[in-house]
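Q: Here is a sequence together with a model predicted from it:
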Amino acid sequence: MPWAKVKTDEFFTKNGQFVKMKGLFAAVNIPKFTIIGNYNGDLITEYEYSEMAAEINKNTTMTGTEYGIEHAILKDPQNRPLIIFPVDVQTGKIADKYKNVIALYANEPTTYRKTKHGRLLEMTENAFLVVNYDTTSMSLMSNRKINKGDRISWCYGSVYDRRGYKPNCPKPTSWVYMFRGNIIQMPKVISSKNKPRVLKRNKQSPVTFKWDTDNWLEIYK
């Protein structure tokens, strides 16, 4: 059984505007540090992504999604991040309206009301993006226990590029990756004082870190 499902979300904004949109919700209770879904696809450059997204938006006969996920590690020769362009895991073609890429439905947390003049509620993120060093994919992972029926949301960060949209969350100061079963939070600014944090350690292949001149070295048993 999948961890999450897509359904229509309805709420009112802080200013009383009614919003109806697709969202991602927990289908069952989701434990902390669980992979909810993967962003699989073709790794392309920013230029290729811009061209493909523009073609999808212009050509109404194409039913694919124009959304791409910026890879946190892999770069092109100009040191610009590569983009994961979602593809259908069954056909290998451009993902058909997010088919088999349900993680794309996870929205940002927001302030909302259940009714137009109801109490103002604050939604906080309960997931984050994780890089898998062994693959070219990124995953949506829970950062705490998520109860069945709860919205699943994560912070897009300041790199999210969409006309007229301002992300709700501050610019992230770290990124998360998986390697040999360990889940590691790495600071974006590397220094001897900013030590990586092991969020979850693999007992069979635990990782520790040692500072070496200008970087942190991973040490595995």
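A: All right, it came through fine. All values reported here derive from a predicted model rather than from experimental measurement.
Q: only C-alpha atoms for contact and neighbour calcs from this point on.
A: Noted.
Q: For the closest residue to Met138 other than its chain neighbours, grab the count of nearby residues.
A: Leaving aside its chain neighbours, Met138 sits nearest to Val131 (4.7 Å; criterion: Cα to Cα, 6 or more residues apart in numbering). Per other Cα atoms under 10 Å, the neighbour tally for Val131 reads 22.
Q: Dihedrals phi and psi, Val131?
A: phi -90, psi 130 (degrees, to the nearest 10).
Q: next one: the one 10 residues further on
A: In terms of degrees, to the nearest 10, the main-chain angles of Met141 are phi -120, psi 140.
Q: which other residues reach stretch 198-213?
A: The list of residues contacting stretch 198-213 from outside it, by Cα atoms under 8 Å, 6 or more residues apart in numbering, reads 33, 180-185, 192, 195-196, 216-221.
Q: and what of stretch 139-156?
A: By Cα under 8 Å, 6+ apart, stretch 139-156 touches 23-39, 103, 106-109, 124-132, 167-169.
Q: Point out the ones among those residues that are inside helices.
A: Using DSSP state H, no member of the contacts of stretch 139-156 sits in helices.
Q: Can you tell me who Gly23 pairs with across the strands?
A: Lys7 (DSSP bridges).
Q: For this structure, just list every one of the helices.
A: Under DSSP H, the chain gives helices at 46-58.
Q: Off-centre distance for the helix or strand bottoming out on mean pLDDT in the chain?
A: For the chain, counting by mean pLDDT, DSSP states H and E, strand 69-75 ranks last in confidence among helices and strands (a mean of 71). Averaging C-alpha positions (Cα atoms, centre = their mean, to the nearest Å) puts strand 69-75 12 Å from its chain's average.
Q: now the angle from it to helix 46-58?
A: 160 degrees (axes from the mean of the first three to the mean of the last three Cα atoms, to 10 degrees).
Q: got the buried residues for strand 69-75?
A: 69-72, 75 (16 or more other Cα atoms under 10 Å).
Q: before we move on, what about stretch 213-221?
A: Going by 16+ other Cα under 10 Å, stretch 213-221 has these buried residues: Trp216.
Q: Give me the mean pLDDT for it.
A: Stretch 213-221 shows a mean pLDDT of 83.
Q: Next: stretch 170-185.
A: 84.
Q: Can I get it in PDB? Just the C-alpha atoms.
A: Presented in PDB, the C-alpha positions along stretch 170-185 are these (Å, rounded to 0.1, in the frame of the first residue of the first chain):
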ATOM      1  CA  PRO A 170      13.300  30.700   4.200                       C
ATOM      2  CA  LYS A 171      16.300  29.800   2.200                       C
ATOM      3  CA  PRO A 172      17.600  26.400   3.500                       C
ATOM      4  CA  THR A 173      21.000  26.400   5.300                       C
ATOM      5  CA  SER A 174      21.600  22.600   4.700                       C
ATOM      6  CA  TRP A 175      20.700  19.700   2.400                       C
ATOM      7  CA  VAL A 176      20.100  16.100   3.200                       C
ATOM      8  CA  TYR A 177      21.500  13.000   1.500                       C
ATOM      9  CA  MET A 178      21.500   9.200   1.900                       C
ATOM     10  CA  PHE A 179      24.500   6.900   1.500                       C
ATOM     11  CA  ARG A 180      24.900   3.300   2.700                       C
ATOM     12  CA  GLY A 181      21.700   3.500   4.700                       C
ATOM     13  CA  ASN A 182      22.700   6.700   6.600                       C
ATOM     14  CA  ILE A 183      20.700   9.900   6.400                       C
ATOM     15  CA  ILE A 184      23.000  12.900   6.700                       C
ATOM     16  CA  GLN A 185      22.300  16.600   7.000                       C
END
